[in-house]
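Q: Any chance you could fold what I've pasted below:
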Amino acid sequence: MSSSRDKPVEEILRLKRELNAVILAHNYQPAEVQEIADFVGDSLELSIEAMRTDAKVIVFAGVDFMAEQAKILNPDKIVLIPDVQARCHMANMLTPEMVRKAREKFSKPIVLYVNTLASCKALADYICTSANVVDVVSRIDSDEVILGPDANLAAYASWRTGKVVHPLPENGHCYVHKLFRPEPVLELKRKLEEEQGSGKVVFIAHPECDLDVLKIADHVGSTSQMVRYVKNVHGKVVIFATEVDMIHRLRRESPDNVYVPANSWAYCIYMKQHSLEKILRCLREKRYVVELDRAVIKKSQEAIMRTFELLGMLDKLGLRK
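A: Okay, the predicted model is just below:
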């Protein structure tokens with residue numbers, strides 16, 4: 001007997017075929033959305049997948065800057081976001097005017113996190129992700145760079161590269177990753193080690209966390225890097241410091257470990273705006289369409305391609321002209 005949940009799933013699959021659509025979902029989406037997606041990943045993985053898809057319609061189950069990124073990379077395709085209220089708290093902390101003023105004040109290369117709105121990306125020299133920020137900053141021919149909008153990511157890049165990294169703005173942050181503190185993590189790890197035995201517990205953290213949290217981690221990385229890390233640790237208890245719904249992908253891809261959120265309240269309300277019903281409506285009505293100015297798209301593409309060239313990725317991605 002089919003459940004009530006099966007009906008929207010069946011209709012979504014039918015409409016996907018009819019519209020030649022693809023559904024991309026971020027790792028922080030609810031489990032039901034991850035299950036219906038054609039691809040689940042972090043910002044970098046989803047950006048690359050958006051470039052590779054042959055679909056005419058891209059449904060992006062993520063927050064605003066992610067859907068904009070898909071449009072930047074696929075300007076001639078229809079990009080839809082199921083709920084326009086899915087707005088990244090951190091991305092909206094940075095404005096184009098802040099970027100312009102920073103360039104005038106510092107005259108240094110500007111690196112903007114992919115978690116940035118397109119209007120700001122168009123003003124950047126380079127676009128980084130949490131997965132490649134260290135590589136990007138280390139390869140730039142300057143001892144000082146400006147990095148925004150996450151001050152924690154700027155501190156992490158400075159720690160790992162030894163360069164001066166000016167945060168833009170000074171207090172930019174992800175409110176979810178600000179919920180993690182070293183003391184509760186260490187206490188949780190100690191308790192679990194007493195139960196499981198020494199060496200059985202590891203702690204992994206996202207670089208959007210505060211630096212004092214990152215310094216006690218066994219591994220620091222983006223969500224895709226977390227996935228790769230746990231594939232190489234077997235039979236462990238893994239404490240993870242990022243959004244709680246990351247647990248679904250970790251369990252799915254490395255089920256022989258036990259996963260424990262470092263803070264069970266680390267919940268992004270903006271990522272949870274999407275649902276099966278909203279994705280179905282999105283496909284039925286082709287709403288909400290992501291629209292960007294052509295000049296913004298062009299300038300953003302230039303910053304992205306400049307970054308891929310810096311990282312030696314143009315040939316790998318088949319983008320060399």
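Q: May I see the domains of the chain written out as residue ranges?
A: Domain assignment of the chain by automatic domain parsing yields the ranges 6-87+271-290, 90-174+295-321, 177-261.
Q: Take those domains and write them to TSV, including mean pLDDT and mean neighbour count.
A: The way it works is simple: take the backbone N, C-alpha and C, and place the C-beta from them, glycine included. Shown next, in TSV, are these (pLDDT from 0 to 100; neighbours: other CB atoms under 10 Å):
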stretch	mean pLDDT	mean neighbour count
domain 6-87+271-290	92	20
domain 90-174+295-321	94	19
domain 177-261	96	18
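Q: How are the helices of the stretch 51-200 of the chain distributed by residue range?
A: For the stretch 51-200 of the chain, helices defined by DSSP state H, counting those that start in this stretch occupy the ranges 64-73, 96-106, 118-121, 133-139, 151-161, 182-196.
Q: Any idea which of these gets closest to residue 315?
A: helix 133-139 (16.2 Å; CB to CB).
Q: residues making contact with the closest one?
A: Residues from elsewhere that reach helix 133-139 (CB atoms under 8 Å, 6 or more residues apart in numbering): 111, 113, 126, 128, 145, 147, 153, 156-157, 160-161, 163, 165, 207, 307, 310-311.
Q: ditto for stretch 162-171
A: Contacts for stretch 162-171 (CB under 8 Å, 6+ apart): 93-94, 98-99, 102, 106, 108, 110, 137-138, 142-151, 154-155, 157-158.
Q: coming back round to it: between the helices of the stretch 51-200 of the chain, which gets nearest to residue 224?
A: helix 133-139 (13.1 Å).
Q: Kindly format the C-alpha coordinates of the closest one as CSV.
A: Extracted as CSV, the C-alpha positions of helix 133-139 are listed here (Å, rounded to 0.1, in the frame of the first residue of the first chain):
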residue,chain,number,x,y,z
VAL,A,133,39.6,28.3,0.8
VAL,A,134,43.1,27.4,2.1
ASP,A,135,44.3,26.5,-1.4
VAL,A,136,42.9,29.7,-2.9
VAL,A,137,44.4,32.0,-0.3
SER,A,138,47.7,30.3,-0.3
ARG,A,139,48.1,30.5,-4.1
